[in-house]
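> Structure of the sequence below:
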Amino acid sequence: MSHTRERDERRIEAFLDALWLEQGASEHTLSAYRHDLLAWLAQLDEAGGSLLQPAAEALPAWLDGRREAGYQLRSNARLVSSLRRFYRWALEQGECEHDPLADVRLPRVRAKLPDTLDEDEVERLLEAPATDTPLGLRDRAMLEVLYACGLRVSELVGLRHDSINSRQGVVRVLGKGDKERLVPLGEEAQAWLERYLRAGRAALMSDVRRAPLFPGRGDNFMTRQTFWHRIKHYARLAGIDKPLSPHTLRHAFATHLLNHGANLRVVQLLLGHSDLSTTQIYTHVAQARLEALHAAHHPRG
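This next block holds a predicted model:
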């Protein structure tokens, strides 16, 4: 391995360390950046230049080759986004004097609208668990909290029994980058949660002093995969045949808030998004819903 290649690989690791230290990037995110940057290094070995001084046509030629190989525009856009973030860091660190990708342009990729449910479908999904059993009570409480608070599934299954403040009606959520936020529960979710705590949780655990609010097997935290299977099970019971994802109720939470007039920045805070642009996708969902209603019900729609 050449000295230049070794230096470039060390720069990549320094960049990844900075992402982890300063922004709390997850191992999955760091792995994706590492994959993209090492692939770029491999391309530079063939096209010429180094990481900080790539040949002028190296990236356009690589992207053209990827398109011919069947890579989608979205995949190339994500790759360029990774590289640009690295070069912004390199500029801030004084590693280079200009961004070598500053003039590279890609067609804009329209954000994919997330799958969601209308309010009637959400009601049917929430009512699907049989609440005459401790397991059904647990699942009803989980679905209610998920929808009422707009949580990620990973945040929901990670809740501890001391995450709930019943007196104030809020839940303390540990989100991405270990950032905490307080989210209101709402009356319905709080009522189901209290019912579960009275009549369900103790029956599911051998030791209620253990941390998980919603235990899986052996008093341990439930896995995201297990809860995702539960959602799909209840969707079938509710007669919902739309494509679902683990974030479906989170998407519904945001969309329904906006449909009922919530402020976008409030929704951003509730979702735990660090960037408002991430939340703005839901304005497109709400707009699409309004357009569909207009087309279906207006005499000149």
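
> what about the strands in the stretch 101-250 of the chain?
Counting by DSSP state E, counting those that start in this stretch, the segments of the stretch 101-250 of the chain that form strands are 164-165, 170-174, 180-184.

> What strands flank the shortest one, and is each parallel or antiparallel?
Read it as strand 164-165. Within its sheet, strand 164-165 is paired with strand 170-174 (antiparallel), according to DSSP bridges.

> which residues sit against the partner strand?
Outside strand 170-174, the residues within contact range by CB atoms under 8 Å, 6 or more residues apart in numbering are 145, 149, 151, 155, 158-159, 163-165, 180-185, 272. No exception for glycine: its C-beta is placed from N, CA and C like everyone else's.

> Greatest separation within the residues you listed: which pair is it?
With distances taken as CB to CB, the most widely separated pair in the contacts of strand 170-174 is 158 and 184, at 18.8 Å.

> Compare these two and say which is more crowded by neighbours.
Between residue 158 and residue 184, counting by other CB atoms under 10 Å, residue 158 is the more crowded of the two (20 against 14).

> wait, that one sits on residue 223?
No. The pair residue 158 and residue 223 fails to qualify as a contact (CB atoms under 8 Å) at a distance of 10.5 Å.

> Identify the residue nearest residue 232 in space, chain neighbours excluded?
The shortest distance from residue 232 to any residue other than its chain neighbours is 6.5 Å, reached at residue 244 (CB to CB, 6 or more residues apart in numbering).

> Distance of that neighbour relative to residue 210?
The spacing between residue 244 and residue 210, counted by CB to CB, to the nearest Å, is 30 Å.

> distance of residue 246 from residue 139?
According to CB to CB, residue 246 and residue 139 sit 15 Å apart.

> More neighbours: which of the two?
Each of residue 246 and residue 139 has its neighbours counted (other CB under 10 Å); residue 139 has more, 24 against 17.

> Run through the residues that contact the closest residue to the more buried one other than its chain neighbours.
Distances taken as CB to CB, 6+ apart place residue 129 nearest to residue 139, at 4.2 Å, with adjacent residues excluded. When contacts are counted by CB under 8 Å, 6+ apart, residue 129 touches 136, 137, 139, 140, 143, 234.

> If we use 10 Å, what do you get?
The neighbours of residue 129, taking CB atoms under 10 Å, 6 or more residues apart in numbering as the test, are 135-144, 192, 230, 233-234, 237-238.

> Mind giving me the PyMOL select for those, buried ones only?
PyMOL command restricting these to the buried ones, with burial defined by 16 or more other CB atoms under 10 Å:
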select buried, resi 136+137+138+139+140+141+142+143+144+192+230+234+238
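
> Mind checking which of the contacts of residue 129 are in helices?
The members of the contacts of residue 129 that map onto helices under DSSP state H are 135-144, 192, 230, 233-234, 237.

> Which of those sits closest to residue 250?
Minimum separation from residue 250 among those (CB to CB) is found for residue 143, which lies at 11.9 Å.

> Is the closest one in contact with residue 233, as I believe?
No. Taking contacts as CB atoms under 10 Å, residue 143 lies outside contact range of residue 233: 11.3 Å.

> and for those two, which residues touch both?
Common contacts of residue 143 and residue 233 (CB under 10 Å, 6+ apart): 128, 129.

> Check this structure and tell me which residue is nearest its centre.
Computing the C-alpha centroid of the chain and ranking residues by CA atoms, centre = their mean puts residue 152 first, at 6.7 Å.

> Not counting sequence-adjacent ones, nearest residue to that residue?
residue 250 (6.3 Å).

> tell me the contacts of the one you found?
Applying CB under 10 Å, 6+ apart, the residues near residue 250 are 114, 116, 146, 147, 149, 150, 151, 152, 153, 155, 156, 271.

> Just send those residues back as JSON lines, with distance to residue 55 and pLDDT too.
Formatted as JSON lines, the entries for the contacts of residue 250 read as follows, by distance: CB to CB, whole Å; pLDDT from 0 to 100:
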{"residue": "114", "distance to residue 55": "39", "pLDDT": "55"}
{"residue": "116", "distance to residue 55": "45", "pLDDT": "75"}
{"residue": "146", "distance to residue 55": "49", "pLDDT": "88"}
{"residue": "147", "distance to residue 55": "51", "pLDDT": "86"}
{"residue": "149", "distance to residue 55": "50", "pLDDT": "84"}
{"residue": "150", "distance to residue 55": "46", "pLDDT": "83"}
{"residue": "151", "distance to residue 55": "46", "pLDDT": "85"}
{"residue": "152", "distance to residue 55": "41", "pLDDT": "84"}
{"residue": "153", "distance to residue 55": "44", "pLDDT": "87"}
{"residue": "155", "distance to residue 55": "44", "pLDDT": "90"}
{"residue": "156", "distance to residue 55": "48", "pLDDT": "93"}
{"residue": "271", "distance to residue 55": "42", "pLDDT": "69"}
